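Asker: structure for the following, please:
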Amino acid sequence: MDEPEQHPSEPPRTPRAERYALMGQVRVRRSEVDYVLDIIDISSSGALIDLGELARPKWLKVRQTVFVTLLLEGAQQDLAGEVVRIVEDLEGARFAIRYKPDVAVDDLRQLLGAHGRSLPPPLPGTFGRRGG
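Answerer: Next up is the predicted model:
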């Protein structure tokens, strides 16, 4: 089946990376402080990380590089990413990262497949905790 024609004023459509829900923790290394944070949404291209009850750290800025260690039962994956979005609202604060090119995406994809549960795409117009 053919894709519908796209209006020239719309941004180009790109395939959406498969997303996963994980019961794991993320450790963000920055300066002398380690933060243990929850993952809201993770894929082979990036992740959305929840700050929970923490106040937004002063170092957290768009284009800031962060180093993340994904900790799962019997497995660990080190990731480096650039902060691409920060969302602060009544539900709290969270930030999205896009992985650096040197991240071992194949290893990450295997880890996500083994430990994660595939998430359906969001419904149109719903953002919620994913940070839209």
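
Asker: ok, R63 touching V83?
Answerer: Yes - counting by C-beta atoms under 8 Å, R63 does reach V83; the two are 6.5 Å apart. The C-beta positions use only the backbone N, C-alpha and C, and glycine is treated the same way.

Asker: between these two, who's got more neighbours?
Answerer: V83 (18 against 7; other C-beta atoms under 10 Å).

Asker: would that one count as being in a strand?
Answerer: Yes - counting by DSSP: H, G, I helix; E, B strand; the rest coil, one finds V83 located in a strand.

Asker: give the contact list for it.
Answerer: V83 makes contact with 60-66, 95-97, according to C-beta atoms under 8 Å, 6 or more residues apart in numbering.

Asker: where do the strands sit along the protein?
Answerer: Counting by DSSP state E, the chain has strands at residues 19-21, 25-30, 33-43, 46-50, 65-72, 75-89, 92-99, 117-119.

Asker: among those, which is nearest L108?
Answerer: For the strands of the chain, the distance to L108 is smallest for strand 75-89, at 5.7 Å, taking C-beta to C-beta.

Asker: what about that closest one, average pLDDT?
Answerer: What strand 75-89 shows for mean pLDDT is 89.

Asker: which stretches of the chain have low pLDDT?
Answerer: Applying pLDDT under 70 to the chain flags the ranges 1-17, 19-32, 115-132.

Asker: if we use 90, what do you get?
Answerer: 1-45, 49-61, 64-81, 89-92, 101-132 (pLDDT under 90).

Asker: check contacts around Q76.
Answerer: 69-70.

Asker: so in terms of bridging, what pairs with it?
Answerer: Per DSSP bridges, the residues bridged to Q76 are L71.

Asker: sorry, back to before: of the strands of the chain, flag the one that's most buried.
Answerer: strand 46-50 (a mean of 22; mean count of other C-beta atoms under 10 Å).

Asker: just the CA trace of that one, in CSV.
Answerer: Listed next in CSV are the C-alpha coordinates belonging to strand 46-50 (Å, rounded to 0.1, in the frame of the first residue of the first chain):
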residue,chain,number,x,y,z
GLY,A,46,17.5,7.7,22.4
ALA,A,47,15.8,7.7,25.8
LEU,A,48,13.5,9.8,27.9
ILE,A,49,14.7,10.0,31.5
ASP,A,50,12.6,11.1,34.5
